[in-house]
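Peer 1: Here's my sequence, what's the structure:
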Amino acid sequence: MNLNNDNEIEDELEEVQRTRIAFQNFGKLTEMENTFSSGKRWEEMGLDVLVKIFLSFNIIELTSGVSRVCSSWRLACCDPIIWKSIDFGIMKSNYIKIPAPPYIWVADTSDKYVMRIVKIVMELSRGNCSCLIFPLDLYLRDDQLLYIAERSPHLKQLVLPAWNRITKAGICAAIRKWKELESLTMPSIRDPPYFLDEVARNCKNFTQLKIMGHFDVLFASTIVERLPNLKVLSLRCSLLYKEALDIILENLEHLEVLNIAHSFFVEKPPPPASRRILRQLDESIRVKASRLRNFLTCPDEFCVLCKRMISDDGYLRWYKYEKYEKGLWLKDEVRSISY
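Peer 2: Numbers count the residues shown, from 1 in each chain. Predicted coordinates for the structure are as follows:
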């Protein structure tokens, strides 16, 4: 079937949407039921229509067997536009928290299920993925991450907030596969040099970084030294040391956009004094940031996120709010890294 205009496509979509549940349960249908009200068989649907329908499916639906219905469905399931961005947000590990590193224990059955889905997704995507988004509570192992990295060589954007079970060797091996990486959302880590060294060596087009957690002098100094061409840095909803911001603003010459909205500011005076909470952003920071194209702060004194940062002592516990505002952690005032 060849559709010549958008109106015809929309007409076909209306009929298809009425049978979407049947698509997802195709295995229960008999041969006689394998038709639409128009008399067309499912395999006779236009490729453009199938692609539009499959774009509305999540990865669980896409990997449930629709690609095995017939050759045309298989072809549509492998269309590059479907796999340009892969969002694993519907998935989560079956885990419990433990008191010792990695502070997370994941059931073996959960790991096997995740790996099964990952294998199907990467087979269907055929290396066409340019954006990968992982949720807060999907705790990948090294082998799972590397399997994905080996099959997504053209990745440009990566959102990977949970590193509990990923080793230094594992994340570095993955980064070496992602030569085209431009943007990364990651957690704060204690030893950033080893990782940013790998990014600097392998990702020559890397320009955007978002850190979730705390941002200290070591992290700031490492960015300045390893990623001098960084253009966008988001530290929203993080615990920020004033001294770290000073380092970034004074030394990161190519920085154009800095987001510190909803952040918790602290200052670390010389010993023996303890760190001091800054209720207001130091004016010297604003002066130094005036050279930037865009310096983002929160202007709302009644901001809910800012209040949560205070109540959580600077370490926003996203899991507490996910059930009310799912995906809030993915948002950003910087549009290019907001998902």
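
Peer 1: contacts and neighbour counts: CA atoms only from here.
Peer 2: Noted.

Peer 1: thought K179 was touching N202?
Peer 2: Yes: if you go by Cα atoms under 8 Å, K179 and N202 touch, sitting 5.4 Å apart.

Peer 1: To what extent is the closest residue to M212 other than its chain neighbours buried, counted in neighbours?
Peer 2: Nearest residue to M212 in three dimensions, chain neighbours excluded: P187, at 4.6 Å (Cα to Cα, 6 or more residues apart in numbering). Neighbour count for P187, taken as other Cα atoms under 10 Å: 18.

Peer 1: State the distance from P187 to I310.
Peer 2: P187 is 19 Å from I310, where distance means Cα to Cα, to the nearest Å.

Peer 1: One more: N205?
Peer 2: Going from N205 to I310 by Cα to Cα gives 36 Å.

Peer 1: ditto for S234
Peer 2: Applying Cα to Cα, the value for S234 to I310 is 19 Å.

Peer 1: Those two: which is more packed in?
Peer 2: With neighbours defined as other Cα under 10 Å, S234 and I310 compare such that S234 has more, 22 against 16.

Peer 1: Mind listing the residues bridging to the more buried one?
Peer 2: On DSSP bridges, the residues paired with S234 through beta bridges are K210, N259.

Peer 1: how about the helices in the stretch 1-150 of the chain?
Peer 2: With DSSP state H, counting those that start in this stretch, the ranges of helices along the stretch 1-150 of the chain come out as 6-18, 20-24, 47-55, 59-62, 71-77, 108-125, 142-150.

Peer 1: Need those helices in a markdown table (columns: mean pLDDT, mean neighbour count and distance to T297).
Peer 2: Output for those, formatted as a markdown table (pLDDT from 0 to 100; neighbours: other Cα atoms under 10 Å; distance: least, Cα to Cα, whole Å):
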| stretch | mean pLDDT | mean neighbour count | distance to T297 |
| --- | --- | --- | --- |
| helix 6-18 | 51 | 13 | 43 |
| helix 20-24 | 51 | 15 | 44 |
| helix 47-55 | 86 | 18 | 35 |
| helix 59-62 | 90 | 17 | 35 |
| helix 71-77 | 82 | 18 | 42 |
| helix 108-125 | 97 | 17 | 38 |
| helix 142-150 | 98 | 18 | 34 |
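
Peer 1: number of nearby residues for A173?
Peer 2: A173: 17 surrounding residues under other Cα under 10 Å.

Peer 1: nearest residue to it other than its sequence neighbours?
Peer 2: Nearest non-adjacent residue to A173, counting by Cα to Cα, 6+ apart: L146, 7.0 Å away.

Peer 1: residue contacts, the one you found?
Peer 2: Counting by Cα atoms under 8 Å, 6 or more residues apart in numbering, L146 touches G170, A173, A174.

Peer 1: Could you tell me how far it is located from L155?
Peer 2: 13 Å.

Peer 1: Looks like R275 contacts E243 (just checking).
Peer 2: No: at 11.3 Å, R275 does not count as touching E243 under the criterion of Cα under 8 Å.

Peer 1: quick one, which of those two is more surrounded?
Peer 2: A direct count of neighbours by other Cα under 10 Å for R275 and E243 places E243 higher, at 17 against 13.

Peer 1: In terms of helices and strands, where is that one?
Peer 2: For E243, the element it lies in under DSSP states H and E is helix 242-251.

Peer 1: Which strands or helices does that helix pack on?
Peer 2: Judged by 3 or more Cα pairs under 8 Å, 6 or more residues apart in numbering; DSSP states H and E, the packing partners of helix 242-251 are helix 217-226, strand 264-267, helix 283-289.

Peer 1: Out of the ones you listed, which one sits most buried?
Peer 2: Greatest average neighbour count among the helices and strands packed on helix 242-251 goes to strand 264-267 (a mean of 22), per mean count of other Cα atoms under 10 Å.

Peer 1: Just the C-alpha atoms of that one, please, in CSV.
Peer 2: Extracted in CSV, the C-alpha atoms of strand 264-267 (Å, rounded to 0.1, in the frame of the first residue of the first chain):
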residue,chain,number,x,y,z
PHE,A,264,22.6,24.2,47.3
PHE,A,265,25.6,26.5,47.8
VAL,A,266,28.3,26.0,50.4
GLU,A,267,31.7,27.6,51.1
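
Peer 1: Would you mind checking the average pLDDT for the next helix or strand after it?
Peer 2: Per DSSP H and E, strand 264-267 leads on to strand 276-278 as the next helix or strand towards the C-terminus. Per-residue pLDDT values over strand 276-278 give a mean of 83.
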